[in-house]
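Trainee: Fold the stuff below for me.
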Amino acid sequence: LRNYANFLGLDPAAVLARYRRESEAPRQQKTRTEKQKPSKQFQLYTKRNLTIVSIITVGALALFYLGGQVNNLLTPPSLKLTAPIELTADYSGDIFVAGNSFKLQGIAAPRSIVRFNSDALEIDVDGSFSTSEIPLRSDELKVIITATNQLGKTSTISLVIRRGNTGVASADKMSILIEVQNEVTPLLIRTDGKIEFDDRAFPGDIITLDAEQRLQIESSAPQNILLKINGEDFSVTGINKSWELVEGEVVAN
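Mentor: You can find the predicted model right below:
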């Protein structure tokens with residue numbers, strides 16, 4: 001190029017400088033374009049990683065859901081009587097009703113099979129059920145209500161229904177359910193003067209008891225205690241709290 005410039009009578013240095021400028025410009029443009037455009041390898045790895053993360057996430061959610069469903073099947077289904085008196089599963093005792101007939105209403109875990117004695121009851125989508133009006137032909141009638149899930153796990157409420165004069169249903173004993181939440185809680189429980197539990201209870205612990213007349217709970221952390229008596233919620237508001245059954249009604253002291 002220098003010889004050619006001399007032959008034409010041009011300045012060799014100017015010709016070389018212009019050549020370099022014109023030849024370097026396309027290279028720089030190509031380099032910038034290559035930097036801006038992601039490589040196929042990088043795109044491939046990004047898509048694959050996103051796919052793997054998506055599969056792991058979906059799999060984890062599916063396992064979590066299936067685990068919950070299996071746990072529900074392995075434990076007895078929920079069962080609660082809402083009328084003529086509120087009672088929870090595992091209650092066994094007498095109740096009194098006014099008049100010559102009664103009707104039972106309640107709620108169980110959805111998709112359970114609910115039976116009144118040996119007769120299957122229709123259950124709504126939300127798990128609610130009811131019996132027809134049942135005549136009380138004698139002074140007492142034995143009733144067993146069950147809820148059974150797909151694996152045959154069963155919850156039961158056993159009642160002896162007696163004719164009373166009060167006009168409202170009432171229980172003749174206290175069916176107690178105590179659940180501890182939040183943290184380890186020191187707990188002392190007495191029923192009818194007898195110590196039933198005196199130890200630390202852990203979150204998730206459930207204690208079920210029966211009392212003829214009186215329940216007493218002592219704890220330095222009463223806010224961690226959930227209490228149900230005959231299916232009704234009661235607040236544990238002090239470090240030493242008691243409840244009594246008075247004419248079929250639970251009264252807090």
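Trainee: wait, what's in contact with residue 145?
Mentor: Taking CB atoms under 8 Å, 6 or more residues apart in numbering as the criterion, residue 145 is in contact with 79, 81, 104, 106, 114, 115, 116, 156, 157, 158, 159. For every residue, glycine as well, the C-beta is placed using N, CA and C.
Trainee: Between these, which sits nearest residue 123?
Mentor: residue 114 (5.3 Å; CB to CB).
Trainee: Before we go further, that closest one is sitting in a helix, right?
Mentor: No: counting by DSSP: H, G, I helix; E, B strand; the rest coil, residue 114 is not part of a helix but strand.
Trainee: average model confidence for stretch 13-32?
Mentor: For stretch 13-32, the mean per-residue pLDDT is 67.
Trainee: Go through the contacts of residue 145 and flag which are in helices.
Mentor: Mapping those onto helices (DSSP state H) picks out no residues; all lie outside.
Trainee: can I get the residues you listed in a markdown table with distance to residue 12, pLDDT and neighbour count?
Mentor: What follows is these, written out as a markdown table (distance: CB to CB, whole Å; pLDDT from 0 to 100; neighbours: other CB atoms under 10 Å):
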| residue | distance to residue 12 | pLDDT | neighbour count |
| --- | --- | --- | --- |
| 79 | 103 | 92 | 26 |
| 81 | 108 | 90 | 25 |
| 104 | 112 | 93 | 23 |
| 106 | 106 | 94 | 25 |
| 114 | 105 | 96 | 25 |
| 115 | 109 | 95 | 17 |
| 116 | 112 | 94 | 18 |
| 156 | 108 | 93 | 16 |
| 157 | 109 | 92 | 23 |
| 158 | 114 | 91 | 14 |
| 159 | 115 | 90 | 21 |
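Trainee: Could you export these as a markdown table, including distance to residue 14?
Mentor: Shown next, in a markdown table, are the contacts of residue 145 (distance: CB to CB, whole Å):
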| residue | distance to residue 14 |
| --- | --- |
| 79 | 100 |
| 81 | 105 |
| 104 | 108 |
| 106 | 102 |
| 114 | 101 |
| 115 | 106 |
| 116 | 109 |
| 156 | 106 |
| 157 | 106 |
| 158 | 111 |
| 159 | 112 |
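Trainee: which other residues reach the stretch of helix or strand residue 186 belongs to?
Mentor: Per DSSP states H and E: residue 186 is located in strand 185-191. If you take CB under 8 Å, 6+ apart as the criterion, strand 185-191 is touched by 174, 176, 178, 180, 195-202, 207, 209-212, 214-221, 224-225.
Trainee: hmm, which of these are the buried ones?
Mentor: 174, 176, 178, 180, 196, 201, 209-211, 214-219, 221, 224-225 (16 or more other CB atoms under 10 Å).
Trainee: coming back round to it: got the buried residues for the strand holding residue 186?
Mentor: The neighbour-count check on strand 185-191 (16+ other CB under 10 Å) flags 185, 187, 188, 189, 190, 191 as buried.
Trainee: Out of those, which is nearest to residue 242?
Mentor: Distances from residue 242 to those, taken by CB to CB, are shortest for residue 190, at 8.3 Å.
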